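Trainee: take a look and give me a structure for this.
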Amino acid sequence: MVLKYLKRSTGSILLVVILLVVKVVADLTLPLFTSNIVDVGIQQGGIVSTVPTVMSTQLMDKILSRLDGDDAPVVTGSYGTEGNSYFLQIEDDRLEDILTVPLATIGMGVPAESLPDDIVRQAAIATIRADHELLGMDIGKIQNRYIMRTGLMMIGISFMGVLSSILVAFFASRVAALLGKRLRSDLFHTVVSFSQDEMDSFSTASLVTRSTNDIQQIQQSFVMILRVVVFAPLMALGGLFRVLRTNGSMAWTIALAVLAIFTVVITMFALAMPKFKRLQVLVDTVNRVVRETLIGIQVIRAFNTQGHEKKRFGKANDELTATTLFVNRAMSAMMPIMMLIMNLTAVLIVWQGAQHIQTGSMQVGDMMAFIQYAMLIIMSFIMITMLTIMLPRASVSAGRIREVLETPLSIVDPENPVRFSAPIRGKVVFRDVGFTYRGATEEAVSGISFTAEAGATTAIIGSTGSGKSTILNLIPRFHDVTTGSIEIDGIDIRKLALDELRRIIGLVPQQGRLFSGTVASNIAFSDETLAEEKMVDVATIAQAHRFIMDKTDGYQSQVSQGGQNVSGGQRQRIAIARALASKPKILLFDDSFSALDYRTEHLVRNKLKQHLTATTVIIVAQRISSILQADKILVVDEGRLVGQGTHASLMETCEVYRQIARSQLSQEEMDHYGG
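Mentor: Numbers count the residues shown, from 1 in each chain. Sure thing, here's the model as predicted:
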């Protein structure tokens, strides 16, 4: 899943790989220079080779006396004389093999053929150094020049490694940030496309956690992955190659350290991994509890249940804290253990290296280089093992994100959508409609057939849970019908593109939820270019203009998230104005007048009747007084349509409607309205 989001960052990833290779080469080269400074710069006085560039006639005579007839001409042919000195004129690859043993024998005074190579080489260098002093050459200057030159090269290589590390961090962070951005964007777009069925499959708290915490986890892990996947294996292999070239007989010390590291990691892995998987679920739980508490804070205070909510949150918080502490302690304990293994390995290498130095099979600089290579190898394996711990947690997060992204949408646009033909009238026809919620065994509504004429008001009334809002939500395809069909101007709404369908529909939900911003931005929610005159017109129809102008900043007054800083009735009137501003052909009210007092409701209904003469209005209501003047009233009972007509006709023909009317209207009102 993650790979497809990285295609646009291929160039940056390749650049990171190249920079990591440069970093590996730099890190593997530095120990060689350290070894050379100790062995050549300090011990050998800056003399690199056993082939002297200049030597005295005395030394040449001694060398020639120890050579056979085949080697002597090679030496004399490579050097030229000047006074009492010989100078190297022709470089011959055979010279080092020819001169090393005779020079060592001269310096030690005993045959050198049976001694270790390192001792023979050091003895030969000592002979050359003594001869240079005899010729009056400045050995200190030679030594300082070599150390200075090598040191400058080390500084240059170190700078190259540091620059590579900085650039790797920059580009890796950039790629990871872009990965997080793309994941968040796709996740948000997917969630916004969810129908109510898909929303019911995930809790809001879980979707928030997946959009934030899980993506952050993947983003952080990817930075580590990008750096470790290339760097650690190359460093480990390169370090092993260098170690074997330095002294293969001591490689077992590194193998022992790596085995100890894997033992620690496997143990930690077995203990902590189940906790990693549970951690994300516990974050979901805490988020859910916090969200429920904040949304229902008034109810909690009204029923004085703060203590219960504190206990509920405390339980979720304690579980998350305990799991987090366990994971963090396990991870915290790992690093000191790893450092102990590294330090013990260094001690073991020094102990073994000292014995090799004593026998002449190893030099001090080589031992120092061996230690550095060993640390690089061990650190590489530590990074690899740390990656194996991070990957499962990132995998859990990736799985949770994939679950959302790959959730099939139940409501999608048709392959070949139909468009409305002008002019759009907005006539709504239900034809034997039935609907069943996902997971339910019985239909929520069934056999619903009616026509809502353009320019007329159709009301739906019934007892709580009878299916009124369900019928309304089928029109904008918040749910899709299970059986039957819904048509607008003769077109099955399932043949329309969703934006084409919802473009002509205005909805005032039961709870007038507003968005953070201003009153103006909420009213102009569907049209940011809405003219101020039009905004005032729709607010006046919704009986909102007066209270808006009473605010200090008028239409520019701030609205908090959810509209919590305005009353329920004010929220509802702004929501009505918002729906009217979209110029809908079909206007849906889902029990939207329940938060309004009778006087305000009466004024709103009269204004709507005056200004919406060509709009299809469908009203879901609990109060019968809200729908008495409707052109058609639909009576729903237990998901079925049990009556339709005007108030007067239903009072005569529908027992369910008569019961609702008698429970809400006084006898005087009954006599006034009929029935």
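Trainee: output the below-cut-off pLDDT ranges for the stretch 551-675 of the chain.
Mentor: Counting by pLDDT under 70, the ranges of the stretch 551-675 of the chain that qualify are 666-675.
Trainee: ok, which stretches of it are helices?
Mentor: All helices of the stretch 551-675 of the chain, identified by DSSP state H, counting those that start in this stretch, fall at 568-581, 598-611, 647-653, 655-664, 667-673.
Trainee: can you say which of those is packed in most?
Mentor: Compared across the helices of the stretch 551-675 of the chain, helix 568-581 shows the largest average neighbour count, a mean of 24 (mean count of other Cβ atoms under 10 Å). (Each C-beta comes from the backbone N, C-alpha and C, glycine too.)
Trainee: domain assignment for the chain?
Mentor: 51-136, 249-398, 423-504+587-675, 512-583 (automatic domain parsing).
Trainee: hang on, the earlier thing: tell me which of the helices of the stretch 551-675 of the chain sits nearest to Gly296.
Mentor: Taking Cβ to Cβ, helix 568-581 is the member of the helices of the stretch 551-675 of the chain nearest to Gly296, at 15.3 Å.
Trainee: other residues contacting that closest one?
Mentor: For helix 568-581, contacts defined as Cβ atoms under 8 Å, 6 or more residues apart in numbering pick out 506-509, 512-514, 519, 522-527, 530, 534-535, 538-539, 541-544, 547-548, 559, 563, 566, 587, 589, 592-593, 595-597, 600, 604.
Trainee: can you lay out the domains of the chain as CSV showing distance to Asn416?
Mentor: Shown next, in CSV, are the domains of the chain (distance: least, Cβ to Cβ, whole Å):
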stretch, distance to Asn416
domain 51-136, 80
domain 249-398, 35
domain 423-504+587-675, 8
domain 512-583, 26
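Trainee: measure how buried Met335 is and give me the count.
Mentor: Using other Cβ atoms under 10 Å, Met335 has 11 neighbouring residues.
Trainee: residues contacting it?
Mentor: Met335 neighbours (Cβ under 8 Å, 6+ apart): none.
Trainee: related to what we said a few turns ago, select, out of the domains of the chain, the one closest to Phe188.
Mentor: Nearest of the domains of the chain (Cβ to Cβ): domain 512-583, 15.4 Å.
Trainee: quick one on the thing from earlier: buried subset of the contacts of helix 568-581?
Mentor: The neighbour-count test (16 or more other Cβ atoms under 10 Å) applied to these identifies 506-509, 512, 514, 519, 522-525, 530, 534-535, 538-539, 541-544, 547-548, 559, 563, 566, 587, 589, 592-593, 595-596, 600, 604 as buried.
Trainee: end to end, how far does stretch 540-553 reach?
Mentor: Terminal residues of stretch 540-553 are spaced 17 Å apart (Cα to Cα, to the nearest Å).
Trainee: for that stretch, which outside residues touch it?
Mentor: Contact with stretch 540-553 is made by 518-519, 536, 539, 554-555, 557, 570, 573-574, 576-577, 580, 600, 603-604, 607-608, 611, as judged by Cβ under 8 Å, 6+ apart.
Trainee: how does it look with 7 Å?
Mentor: Contact with stretch 540-553 is made by 519, 536, 539, 554-555, 557, 570, 573-574, 576-577, 580, 600, 603-604, 607-608, 611, as judged by Cβ atoms under 7 Å, 6 or more residues apart in numbering.
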